[in-house]
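*Asks:* below are the sequence and a predicted model; questions follow.
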Amino acid sequence: MDSAELKRRAQKFAAEIIKFTETLPSGRALNVLCTQLIRCSTSVGANYRSACKGKSTADFINKIVICEEEADESIYWLDLMEESGLVKPELLIKYKQEAKELTAIFTAIGKTTKQNQKDKK
């Protein structure tokens, strides 16, 4: 997967999360969970775009780690929606799967970049 495709995928994930949260009922707790989920899911793509413009390898790695953390945080909020019983598990499956895949992708990118940097020294 090239960087343009990953940018599109991360943006699509954020857009789908935004649309999904708009379909959910309003309530104090669910509103908070949705806000947190929107923040971290949109941060994945924003930080990846920033990483691609990184000023150095260290800057790139830093931002990739943030992408990984934000994708993983998305899983947390989705899990909490399920565990709290506020959202039916079957509605969350595809979003959890995509968040897990994005987490794995950014983890792999970070590890590879760190190893490549180490090998150059």
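*Replies:* Cool, got the structure. Numbers count the residues shown, from 1 in each chain.
*Asks:* what are the ranges of the helices in this protein?
*Replies:* 3-23, 28-52, 57-83, 89-120 (DSSP state H).
*Asks:* take these and lay them out in a markdown table including mean neighbour count.
*Replies:* Using the backbone N, CA and C atoms, a C-beta is placed for each residue, glycine as well. As requested, these are exported to a markdown table (neighbours: other CB atoms under 10 Å):
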| stretch | mean neighbour count |
| --- | --- |
| helix 3-23 | 15 |
| helix 28-52 | 18 |
| helix 57-83 | 19 |
| helix 89-120 | 15 |
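*Asks:* export these as JSON lines, with columns for mean pLDDT.
*Replies:* Formatted as JSON lines, the helices of the chain follow (pLDDT from 0 to 100):
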{"stretch": "helix 3-23", "mean pLDDT": "98"}
{"stretch": "helix 28-52", "mean pLDDT": "98"}
{"stretch": "helix 57-83", "mean pLDDT": "97"}
{"stretch": "helix 89-120", "mean pLDDT": "95"}
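*Asks:* state the distance from the residue nearest the centre of the chain to Val32.
*Replies:* In the chain, the centroid-proximal residue (CA atoms, centre = their mean) is Ala71; its distance is 2.5 Å. Using CB to CB, to the nearest Å, we find Ala71 at a distance of 20 Å from Val32.
*Asks:* likewise Ser56?
*Replies:* For Ser56, the distance to Val32 (CB to CB) stands at 37 Å.
*Asks:* try Lys12
*Replies:* 25 Å.
*Asks:* do Gln11 as well
*Replies:* 24 Å.
*Asks:* ok, now Ile61?
*Replies:* For Ile61 relative to Val32 (CB to CB), the value is 32 Å.
*Asks:* how about Ser43?
*Replies:* Note on Ser43: its distance to Val32, by CB to CB, is 17 Å.
*Asks:* do the same with Ile75
*Replies:* In this view, Ile75 and Val32 are 17 Å apart by CB to CB.
*Asks:* what's the answer for Ala104, then?
*Replies:* Counting by CB to CB - Ala104 and Val32 are separated by 27 Å.
*Asks:* with Ala99 instead?
*Replies:* Ala99 sits 18 Å away from Val32, taking CB to CB as the criterion.
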